[in-house]
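[1] need a 3D model of the sequence below.
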Amino acid sequence: MKRHAILTALLLATGGCVKPVDIVTADGKAGLAIDCSGEARTWNHCYKAAGDACGARGYTILTQNNEHRPSLVRDGPSDIGSALGGSTVSRSMIVQCKP
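    A predicted model of the protein is given here:
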């Protein structure tokens, strides 16, 4: 249980850190990959990161992915484990800044 509390505190502390990564899109143009996964983040974190990166020019969303997966966290050395987390949220998007 103590490990779960520490993990939760760490997730909350890093909840606002969303940093776009420069990529080349399928059509050969510059784009940004933005990952805002986790229970402590929302789509608004992605939108803000895209807005901050592109500024007044704005941006176009090319793809958006959202997935909820059940998670099992092992609590001790046994092979059985116990469900502590519920689910994992995977959330990401690729954007292009407008010219």
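[2] where in this structure is pLDDT low?
    1-16, 71-87 (pLDDT under 70).
[3] show me the helices in it, by range?
    2-13, 43-54 (DSSP state H).
[4] mind listing what's buried in stretch 37-50?
    Ser37, Gly38, Ala40, Arg41, His45, Cys46, Tyr47, Ala49, Ala50 (16 or more other CB atoms under 10 Å). Where you see a C-beta, it was placed from the backbone N, CA and C, and this is true even at glycine.
[5] hey, where'd the strands end up in this protein?
    21-24, 30-35, 59-73, 82-97 (DSSP state E).
[6] who touches the second one?
    Where contact means CB atoms under 8 Å, 6 or more residues apart in numbering, the residues beyond strand 30-35 that reach it are 18, 20-25, 46, 49-50, 53-54, 59, 62, 91-97.
[7] CA atoms only for it, dumped as PDB, please.
    Output of strand 30-35 as PDB, limited to C-alpha atoms (Å, rounded to 0.1, in the frame of the first residue of the first chain):
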ATOM      1  CA  ALA A  30       7.100  18.700 -39.600                       C
ATOM      2  CA  GLY A  31       4.800  17.700 -36.800                       C
ATOM      3  CA  LEU A  32       4.600  17.300 -33.000                       C
ATOM      4  CA  ALA A  33       3.800  14.100 -31.100                       C
ATOM      5  CA  ILE A  34       2.200  14.900 -27.800                       C
ATOM      6  CA  ASP A  35       1.700  12.300 -25.100                       C
END
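[8] what's the angle between that strand and helix 43-54?
    Relative orientation of strand 30-35 versus helix 43-54 (axes from the mean of the first three to the mean of the last three CA atoms, to 10 degrees): 150 degrees.
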